[in-house]
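Novice: okay, sequence plus prediction incoming.
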Amino acid sequence: MKPVEWHTCACSRKRAFADRHAAEKALGKAQAKRDRHAERHGVRRGIAREHRVYRCDHDRYHLTKQSRRTYHGAPA
Ligand SMILES: [Zn+2]
(Lines give C-alpha, C1' and ligand atoms only; values in the text may rest on other atoms or scores of the structure.)
Protein backbone atom coordinates (compact mmCIF):
# COMPACT_ATOMS: atom_id res chain seq x y z
CA MET A 1 0.00 0.00 0.00
CA LYS A 2 1.23 3.47 -0.81
CA PRO A 3 1.98 5.54 2.27
CA VAL A 4 -0.21 8.53 2.91
CA GLU A 5 1.32 11.66 1.54
CA TRP A 6 1.80 14.57 3.85
CA HIS A 7 3.66 17.82 4.16
CA THR A 8 4.40 20.28 6.86
CA CYS A 9 2.24 23.34 7.19
CA ALA A 10 2.87 27.02 7.86
CA CYS A 11 0.86 26.90 11.09
CA SER A 12 3.05 24.33 12.83
CA ARG A 13 5.55 21.57 12.31
CA LYS A 14 2.84 18.97 12.47
CA ARG A 15 2.00 16.69 9.62
CA ALA A 16 -0.42 18.36 7.27
CA PHE A 17 -2.68 16.55 4.83
CA ALA A 18 -4.09 18.10 1.70
CA ASP A 19 -7.58 16.76 2.30
CA ARG A 20 -9.72 15.21 4.97
CA HIS A 21 -9.70 11.82 3.31
CA ALA A 22 -5.92 11.53 3.51
CA ALA A 23 -5.94 12.72 7.10
CA GLU A 24 -8.60 10.21 8.11
CA LYS A 25 -6.68 7.45 6.42
CA ALA A 26 -3.63 8.27 8.49
CA LEU A 27 -5.83 8.58 11.54
CA GLY A 28 -7.26 5.10 10.98
CA LYS A 29 -3.79 3.65 10.71
CA ALA A 30 -2.72 5.29 13.93
CA GLN A 31 -5.79 3.98 15.72
CA ALA A 32 -5.31 0.45 14.43
CA LYS A 33 -1.76 0.54 15.70
CA ARG A 34 -2.89 1.72 19.11
CA ASP A 35 -5.58 -0.94 19.25
CA ARG A 36 -3.08 -3.68 18.54
CA HIS A 37 -0.80 -2.27 21.19
CA ALA A 38 -3.65 -2.10 23.70
CA GLU A 39 -4.63 -5.70 23.01
CA ARG A 40 -1.13 -6.98 23.54
CA HIS A 41 -0.79 -5.16 26.78
CA GLY A 42 -4.24 -5.94 28.06
CA VAL A 43 -5.37 -2.34 28.05
CA ARG A 44 -9.05 -1.64 27.62
CA ARG A 45 -9.93 -0.64 24.12
CA GLY A 46 -11.87 2.48 23.27
CA ILE A 47 -10.20 4.83 25.68
CA ALA A 48 -7.22 5.18 23.37
CA ARG A 49 -9.27 6.81 20.62
CA GLU A 50 -8.25 10.37 21.21
CA HIS A 51 -7.13 11.32 17.75
CA ARG A 52 -9.06 13.82 15.75
CA VAL A 53 -8.80 15.48 12.39
CA TYR A 54 -9.12 19.21 12.14
CA ARG A 55 -8.70 21.80 9.44
CA CYS A 56 -6.40 24.68 10.14
CA ASP A 57 -6.35 28.23 8.82
CA HIS A 58 -4.14 27.18 5.93
CA ASP A 59 -6.76 24.82 4.58
CA ARG A 60 -4.77 21.78 5.55
CA TYR A 61 -5.77 18.89 7.74
CA HIS A 62 -3.92 17.87 10.85
CA LEU A 63 -4.17 15.04 13.32
CA THR A 64 -4.38 15.90 16.97
CA LYS A 65 -4.70 13.95 20.14
CA GLN A 66 -6.33 15.13 23.28
CA SER A 67 -4.84 13.44 26.28
CA ARG A 68 -7.09 12.58 29.17
CA ARG A 69 -4.94 14.76 31.41
CA THR A 70 -5.54 17.76 29.20
CA TYR A 71 -9.20 16.89 28.90
CA HIS A 72 -9.71 17.03 32.64
CA GLY A 73 -7.76 20.25 32.85
CA ALA A 74 -5.31 19.01 35.48
CA PRO A 75 -2.59 21.51 36.36
CA ALA A 76 0.74 20.88 34.65
ZN1 LIG B 1 -1.83 23.92 9.45
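Specialist: Perfect, I can see it now.

Novice: buried set for the helix or strand hosting Asp35?
Specialist: Element membership of Asp35 [criterion: DSSP states H and E] is helix 20-40. Within helix 20-40, the residues scored as buried using 16 or more other Cβ atoms under 10 Å are Ala22, Ala23, Glu24, Lys25, Ala26, Leu27, Arg34. Heads up, the C-betas are built off the backbone N, CA and C, glycines and all.

Novice: reformat those as TSV; add distance to Asp57.
Specialist: Converted to TSV, the buried residues of helix 20-40 look like this (distance: Cβ to Cβ, whole Å):
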residue	distance to Asp57
Ala22	18
Ala23	15
Glu24	20
Lys25	22
Ala26	20
Leu27	20
Arg34	28
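
Novice: so which of those comes closest to the ion?
Specialist: Closest to the ion out of the buried residues of helix 20-40 is Ala23 (11.0 Å), distances taken as Cβ to the ion.

Novice: pretty sure that closest one is touching His62, no?
Specialist: Yes - between Ala23 and His62 there is a contact under Cβ atoms under 8 Å: 7.1 Å.

Novice: who touches both of the two?
Specialist: Phe17, Val53 (Cβ atoms under 8 Å, 6 or more residues apart in numbering).

Novice: the ion contacts on the chain?
Specialist: Residues of the chain found near the ion (Cβ under 5 Å from the ion) are Cys9, Cys11, Cys56, His58, Arg60.
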